[in-house]
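Asks: Starting from these lines, generate the structure:
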Amino acid sequence: MPDKHTYRADNIFAKILRGEIPCHKVYEDEHALAFMDIMPQAEGHTLVIPKQNAMNLFDMPEDRWGPYMQCVQKVARAVKAGMNSEGLLIQQFNGSAAGQTVFHLHFHLIPRWEGVPLRRHTGEMEKPAVLAANAERIRAAL
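Replies: Numbers count the residues shown, from 1 in each chain. As a prediction, this is how the structure comes out:
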């Protein structure tokens, strides 16, 4: 399985970081990039990835955690405020047995509302116009 090997620079998030694949960007600084999940489990589902090549939390250098997690927190606040959600689900998977499918460290920030079920993450891709509008709402809350 991919999670038993070294970091692979051909993963989709590495390609997004290099600008080889487009994304609906929410936030970027020298430590992290946040963008809309194209198969969102809820409106406003955002991913935050480090610019550090790390497959999962076990591979991330200790000295990089602080700046990266500050970005995760900053974006999480903006997702909650921008989407006007009642709560926020934060998910992070480590290894295929835990459900990780892209082997670049990332956090899922998923807005939650009482009584609204999560969609399947392997479902259909969201319309680009919806992703762009949600990204704008979140950027406005930063």
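Asks: Quick check: the residue in the chain sticking out farthest from the centre vs residue 86, distance?
Replies: No residue in the chain sits farther from the centre than residue 115, which is 23.4 Å out by CA atoms, centre = their mean. Residue 115 is 10 Å from residue 86, where distance means CB to CB, to the nearest Å. In short, each C-beta sits where N, CA and C put it, glycine included.
Asks: Tell me where the protein has strands.
Replies: 25-28, 32-36, 46-50, 87-91, 107-112 (DSSP state E).
Asks: Look up the pLDDT of residue 125 for me, please.
Replies: pLDDT recorded at residue 125 is 94.
Asks: For it, give its distance to residue 133.
Replies: From residue 125 to residue 133 the distance is 15 Å (CB to CB).
Asks: Compare neighbour counts for these two and give me the winner.
Replies: Set residue 125 next to residue 133 and count neighbours by other CB atoms under 10 Å: residue 133 wins out with 15 against 10.
Asks: still on that earlier bit, can you tell me which of the strands of the chain is nearest to residue 8?
Replies: Minimum separation from residue 8 across these (CB to CB) falls at strand 46-50, 14.3 Å.
Asks: and the angle for the closest one with strand 32-36?
Replies: 160 degrees (axes from the mean of the first three to the mean of the last three CA atoms, to 10 degrees).
Asks: Strand 46-50 - contacts with which helices or strands?
Replies: helix 12-17, strand 32-36, helix 62-82, strand 107-112 (3 or more CB pairs under 8 Å, 6 or more residues apart in numbering; DSSP states H and E).
Asks: Repeat the analysis, applying 7 Å as the threshold.
Replies: Other helices and strands packing on strand 46-50, by 3 or more CB pairs under 7 Å, 6 or more residues apart in numbering; DSSP states H and E, are strand 32-36, helix 62-82, strand 107-112.
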